[in-house]
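Novice: The sequence and its predicted three-dimensional model are supplied below.
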There are 2 protein chains.
Amino acid sequence: MTTTPLRIGIAGLGTVGGGTLKILRESADMLESRTGRALKVVAISARDRKKDRGVDVSGIRWLDDPLAMAKDPEIDVVVELIGGADGTARTLVEQSLTAGKSVVTANKALIAHHGIALAALAEKSGSLLAFEAAVAGGIPIIKALRDGLAANHFRRVAGIMNGTCNYILTTMWESKRQFDDVLKEAQALGYAEAEPSFDIDGIDTAHKLAILTSLAYGCAPAIDNVFIEGIRRVRLRDMECAAELGYTIKLLGIATQTEHGIEQRVHPCMVAMDSPLGTVHGVYNAIVAEGDSVGTIFFEGRGAGAGPTASSVVADIMDIARGAVYKPFTLPVSSLKSIPFCGVESLHCSYYLRLSVIDKPGVLAEVTGIFKNENISLRSFLQHSHKPGETVQLVLTTHETEEFSMRKAVDTISKLGTVKEPPYMIRIENI
Amino acid sequence: MTTTPLRIGIAGLGTVGGGTLKILRESADMLESRTGRALKVVAISARDRKKDRGVDVSGIRWLDDPLAMAKDPEIDVVVELIGGADGTARTLVEQSLTAGKSVVTANKALIAHHGIALAALAEKSGSLLAFEAAVAGGIPIIKALRDGLAANHFRRVAGIMNGTCNYILTTMWESKRQFDDVLKEAQALGYAEAEPSFDIDGIDTAHKLAILTSLAYGCAPAIDNVFIEGIRRVRLRDMECAAELGYTIKLLGIATQTEHGIEQRVHPCMVAMDSPLGTVHGVYNAIVAEGDSVGTIFFEGRGAGAGPTASSVVADIMDIARGAVYKPFTLPVSSLKSIPFCGVESLHCSYYLRLSVIDKPGVLAEVTGIFKNENISLRSFLQHSHKPGETVQLVLTTHETEEFSMRKAVDTISKLGTVKEPPYMIRIENI
């Protein structure tokens, strides 16, 4: 057993960095007994040296320049918690791996965009690149796909991977308020960023999905092949209609093995209220994986925050301390397959559609005629009371049909003179 | 990277053995690409050579005596799927580890009773002992506690770990039938053994709980310290009363860190219908872990069957192929702590109690007086219509109280002349 301490440098002391430092300090004895090796934070770096982080940092070297960690002979593992797909974070990770240091990161953007290049550097220098904390916070889903479920071919991997979106959607429903109002509150409470696009437009979920796809299917993360649609257009009215039909609205990331290739998509979904994903509320994250041997398996836990994310960061550090051997993306970089990806055009599911139309004779016949032309059969139709001649909201759901046909129908409908705003479509996911 | 195949011997070709063989044969290419090494089954052994297992066994050596695997220089890994805490299974694992071969097993009884002695053998010879499949079938909970959640101190680890019991309880409720009736059907369908005691009396769950406790708290499995009560006395009436109160009845295994030590218990529980564990039905298993950093994390999946259990067996074989390094119980055997265990006397929860009493004046006053004497306050009281002088079923629930007081009260009540059968108590678990 190695008895020299594992020497750790932490770059970035925000929520996750502070949480990581806290666990490494406060649970030092337990971590040492579980790994057989002391885990010692020897250097830290952050933007503001003076900020009180509620953790004792005495005896830890302060580095003004995080990049100094990559060259520091006294550091074995660099923990990158700066964030961002490029800039300092990327340079630090590249230089650290090149120098033969192992790297632990929670940076999903970095891994989704540059993971393969970084894994190649790690392979070359014999170091490890670990990113359990990059997806679904405290849920050990990276390790589950790489190790615990590694004997499976996956039909589908899907989940709720953005706590901000799930918080907003949950709060809209529970407090019967509209999106803009709840977003503002979430920003005030610190649950959403001042510039919220990354979360609410689905980009963060897409990064995470691309990483999961890569592990499940043995290919490089392909963020450009993810169909992405965020939650800005979801209205309380949609949630009310969903509830009438037994559904709830969640932003899901879904990777599916189809006959045309791997399909990756991020968009609001209606899922059954009593389904596993339908019961995941607030800032919780959850993942469903469907393997050929294991069947359906479900993981739920906190997707963000100091404790949960740091739990995953420290678990990765413990792996390194124990001398774990694995490839960051399971397969060696040279063996990663070039899997064909497909778009969502061939998706086959049921759809929900909200329309704003002027109520005059013939409108209904016009709309239903368009569906008939595309061979789409309707399952339900809702129209709330109103005065003749006014704008009325129509809500309908279809039986299972092709996305291609549905889009054609919606496109035709949106061009009708009686349709007052762009139709809003939500996919109904049987999961 | 090692390029010689990993040579595997499988002892026991029942459901799980057959499933393991199937994955190793049918997914051979994928497994090799994921581990960097061919996984080759070179020898098999089972009771009946002639039985058709639906898997091609051509080219695999047949051994009449499974113990021959331990001495076979052509075998690297022995997969023990015979079962039983002692006998051939134990001898095979002991001899294999002693001979320096790694062992993969799904045998919870063996690990719960002799795991530490076996881990010591593995440590001595530098081999691995892996048992992911011993707990919760396809759910990778052993790896999660050992690796993914290893940075946490656990407040509680609990779950539904016996598919037979969960199937019986679910079916009783869904088909409105009594225990004996559903058990017989489960036996006819092959979901329950002809001798069902191991499952329905909670022993199997206790074995699994002892293993989880050991991993979560860094101690040896202590099966003798598990309080065990099975599901034989659960009646449909209890389920109906539970439902009226918003609960469902599940057999749980629960390990808790208390101020008096680690408390391990297996018994029927009432849990909220809409809680994660309350929504786990049929043969599914689920585990809840509460860590100081990660918070509450939930895993659900199939707990038994060829595919799910074999998924975990093969995952362990893949770990060995990749050259994983870990101690079977996380800590070296010499470092396992001698943790104080405590009984359930100091448990603090709400209780449900079903009483059969002769309805005559004063009975209610007598019963409620006994609770008053023990300082237990009642939360609800149900008495269904009946004719005076007949036996009537009373059902009551208490506010939170001490198990010790509750037992005293129940004991006193059971001695009343008006009480016609032993009172039945179910703990209400806030989980």
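Specialist: Ah, there it is.

Novice: For the residue of chain A positioned farthest from its centre, give its distance to A:Gln393.
Specialist: In chain A, the residue that sits farthest from the middle, by C-alpha atoms, centre = their mean, is A:Pro361; the gap is 45.4 Å. The span separating A:Pro361 from A:Gln393 equals 18 Å under the rule C-beta to C-beta, to the nearest Å. All C-beta atoms are positioned from the backbone trio N, CA, C, and that covers glycine.

Novice: same thing with A:Pro328?
Specialist: Using C-beta to C-beta, A:Pro328 is found at 49 Å from A:Gln393.

Novice: Could you export the helix ranked longest in chain A as CSV, keeping only the C-alpha atoms?
Specialist: Scanning chain A for the helix with the most residues, using DSSP state H, yields helix A:108-125. Provided in CSV are the C-alpha atoms of helix A:108-125 (Å, rounded to 0.1, in the frame of the first residue of the first chain):
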residue,chain,number,x,y,z
LYS,A,108,-19.2,19.5,-18.4
ALA,A,109,-18.7,22.1,-21.2
LEU,A,110,-15.0,21.3,-21.2
ILE,A,111,-15.5,17.5,-21.4
ALA,A,112,-18.3,17.7,-23.9
HIS,A,113,-16.2,19.9,-26.3
HIS,A,114,-12.7,18.8,-25.7
GLY,A,115,-13.0,15.5,-23.7
ILE,A,116,-11.5,13.3,-26.3
ALA,A,117,-8.4,15.5,-26.9
LEU,A,118,-7.9,15.6,-23.2
ALA,A,119,-8.4,11.9,-22.8
ALA,A,120,-5.7,11.4,-25.4
LEU,A,121,-3.3,13.6,-23.4
ALA,A,122,-4.1,11.5,-20.3
GLU,A,123,-3.5,8.2,-22.1
LYS,A,124,-0.2,9.5,-23.4
SER,A,125,1.1,10.6,-20.1
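
Novice: strand partners of the following helix or strand past that helix, parallel vs antiparallel please.
Specialist: Using DSSP states H and E, the helix or strand that follows helix A:108-125 towards the C-terminus is strand A:129-130. Strand pairing for strand A:129-130, determined by DSSP bridges: strand A:102-105 (parallel).

Novice: The stretch 301-431 of chain A: helices as residue ranges?
Specialist: Under the criterion DSSP state H, counting those that start in this stretch, helices of the stretch 301-431 of chain A are mapped to A:306-321, A:363-373, A:403-414.

Novice: just checking, what packs against the shortest one?
Specialist: By that I understand helix A:363-373. strand A:348-358, strand A:391-398, helix A:403-414 (3 or more C-beta pairs under 8 Å, 6 or more residues apart in numbering or on different chains; DSSP states H and E).

Novice: wait, which of those is closest to A:Ile428?
Specialist: Across the helices and strands packed on helix A:363-373, A:Ile428 has its closest neighbour in strand A:348-358 (4.0 Å, C-beta to C-beta).

Novice: got the buried residues for the closest one?
Specialist: Within strand A:348-358, the residues scored as buried using 16 or more other C-beta atoms under 10 Å in any protein chain shown are A:349-355, A:357.

Novice: Likewise for stretch A:326-343?
Specialist: A:326-331, A:333, A:336, A:339, A:341-342.

Novice: between the helices and strands packed on helix A:363-373, which gets nearest to chain B?
Specialist: In terms of C-beta to the nearest C-beta, the element of the helices and strands packed on helix A:363-373 nearest to chain B is strand A:348-358, at 23.3 Å.

Novice: tilt between that closest one and strand A:391-398?
Specialist: If you take axes from the mean of the first three to the mean of the last three C-alpha atoms, to 10 degrees, strand A:348-358 sits at 170 degrees to strand A:391-398.

Novice: List the contacts of A:Leu183.
Specialist: A:168, A:192, A:196, A:200 (C-beta atoms under 8 Å, 6 or more residues apart in numbering or on different chains).

Novice: between these, which has the most around it?
Specialist: Per-residue neighbour counts (other C-beta atoms under 10 Å in any protein chain shown) across these peak at A:Ile168, which has 25 neighbours.

Novice: Touching, that residue and A:Arg232? I think so.
Specialist: No. Shown here, A:Ile168 and A:Arg232 do not form a contact pair, counting by C-beta atoms under 8 Å, at 10.0 Å.

Novice: Now do the shared contacts for the two.
Specialist: A:179, A:200.

Novice: Could you identify which of the helices of the stretch 301-431 of chain A has the lowest mean pLDDT?
Specialist: Ranked by mean pLDDT, the helices of the stretch 301-431 of chain A bottom out at helix A:363-373, with a mean of 93.

Novice: relative to strand A:348-358, how tilted is that one?
Specialist: 160 degrees.

Novice: give me phi/psi at A:Asp29?
Specialist: When read as degrees, to the nearest 10, the backbone of A:Asp29 gives phi -60, psi -50.

Novice: Just the pLDDT at it, thanks.
Specialist: On the pLDDT scale, A:Asp29 is placed at 96.

Novice: Equivalent analysis for A:Met1, please.
Specialist: 47.

Novice: And for the one 10 residues further on?
Specialist: The confidence metric pLDDT takes the value 98 at A:Ala11.

Novice: How about A:Asp181?
Specialist: For A:Asp181, pLDDT reads 97.

Novice: name the element it belongs to?
Specialist: Applying DSSP H and E, one finds A:Asp181 within helix A:179-189.

Novice: and after that helix, which helix or strand comes next?
Specialist: helix A:197-200.

Novice: moving C-terminal of that next one, what's the next helix or strand?
Specialist: That would be, after helix A:197-200 and using DSSP H and E, helix A:203-217.

Novice: which outside residues touch the very next helix or strand once past that following helix?
Specialist: Per DSSP H and E, helix A:203-217 leads on to strand A:226-228 as the next helix or strand towards the C-terminus. Contacts of strand A:226-228 with the rest of the structure, by C-beta under 8 Å, 6+ apart, involve A:201-203, A:205-206, A:209-210, A:253, A:263-267, A:343-344.

Novice: mind listing what strand A:226-228 pairs with, with the direction of each?
Specialist: Strand A:226-228 is paired, per DSSP bridges, with strand A:261-272 (parallel).

Novice: What parts of the stretch 201-350 of chain A come near chain B?
Specialist: Residues of the stretch 201-350 of chain A found near chain B (C-beta under 8 Å from any C-beta of the partner chain) are A:218, A:274, A:276, A:279, A:291-302, A:305, A:307-308, A:310-312, A:314-315, A:318-319, A:322-326, A:330-332, A:335.

Novice: List only those of these flagged as buried.
Specialist: A:218, A:276, A:279, A:291-302, A:305, A:307-308, A:310-312, A:314-315, A:318-319, A:322-324, A:326, A:330-331.

Novice: which residues does A:Gly137 contact?
Specialist: A:163, A:285, A:301-305, A:308-309, A:312.

Novice: burial of A:Thr170, as a residue count?
Specialist: Around A:Thr170 there are 19 other residues, counting by other C-beta under 10 Å.
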